[in-house]
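>>> When you get a sec, could you give me coordinates for this:
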Amino acid sequence: MDTVALLEFRDAKDRFFAHAHESPLSHEARHDFDGLRYYDPNPALVFRLSVEEGDQAEVRVGTSDGAERTYRRAGVLHFEVDGEDVSLTLYSTGHEGYFLPFRDSTSGRETYGAGRYLDLEPNADGTVTLDFNYAYNPTCAYDEAYSCPLPPSENWLRVPIEAGEKDYAG
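Coordinates of the predicted model:
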């Protein structure tokens, strides 16, 4: 795990949230913003995994504003967290890489209640690096005006994923 790169990424994101016109924070919220809250870097939640091919079935996913989005089941990842076998489905959005929305047992307590996301790119050998330290909140965590896909129940984990962004304290 490259902790320096992770901390630089987080610092750049905090600067973007604080200063960018495209920030999901309101102009007023940016004035008082002093950074997002994160778990400490957790190397135990970094995995290099083979992707089991998905069935490519369409999956209709609800959104935070009651609408729906359609994705394709592109692959499945199998791994172990805290001694428990888990799996997560990767979705295709029509762009390069995979979209991975998920919930875990921290959702609604320490992390955003609706879940968090990861964007994954395949490695040269076809595997993916699943690094939960980069798990991020959807934009609707910062402003309810955004429409955010909700993690399908097949991506609800019973285990805690204590890595990445914590809930926004606003």
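
>>> List of residues touching stretch 89-97?
For stretch 89-97, contacts defined as Cβ atoms under 8 Å, 6 or more residues apart in numbering pick out 51, 54, 56, 59, 61, 71-77, 98-101, 119-122, 128, 152, 154-155. Placement of C-beta: from N, CA and C, glycine included.

>>> Quick one: buried ones out of these?
By neighbour count, with 16 or more other Cβ atoms under 10 Å, the contacts of stretch 89-97 hold 51, 54, 59, 61, 71-77, 98-101, 120, 128, 152, 155 as buried.

>>> Okay, and which of the residues you listed map to strands?
When DSSP state E is applied, these are split such that 59, 61, 71-77, 98-101, 120, 128 fall in strands.

>>> okay, which residue is most central for this structure?
Compute the mean C-alpha point of the chain, and by Cα atoms, centre = their mean the closest residue is residue 117, 1.7 Å away.

>>> those helices in the protein, which residues are they?
Remark: helices of the chain, listed N- to C-terminal, are 3-19, 27-32; assignment by DSSP state H.

>>> winner for burial among these?
Each of the helices of the chain was scored by mean neighbour count; the highest is helix 3-19, a mean of 13, by mean count of other Cβ atoms under 10 Å.

>>> Grab the CA positions of that helix and hand them over as CSV.
Coordinates of the C-alpha atoms in helix 3-19 are reproduced here as CSV (Å, rounded to 0.1, in the frame of the first residue of the first chain):
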residue,chain,number,x,y,z
THR,A,3,0.4,5.5,2.1
VAL,A,4,2.1,8.7,0.7
ALA,A,5,0.0,8.5,-2.5
LEU,A,6,-3.2,7.9,-0.5
LEU,A,7,-2.5,10.9,1.8
GLU,A,8,-1.7,13.1,-1.3
PHE,A,9,-4.9,12.0,-2.9
ARG,A,10,-6.9,12.9,0.2
ASP,A,11,-5.2,16.3,0.5
ALA,A,12,-6.0,17.1,-3.2
LYS,A,13,-9.6,16.0,-2.7
ASP,A,14,-10.0,18.3,0.4
ARG,A,15,-8.5,21.2,-1.6
PHE,A,16,-11.0,20.5,-4.4
PHE,A,17,-13.9,20.4,-2.0
ALA,A,18,-12.8,23.6,-0.3
HIS,A,19,-12.0,25.7,-3.4
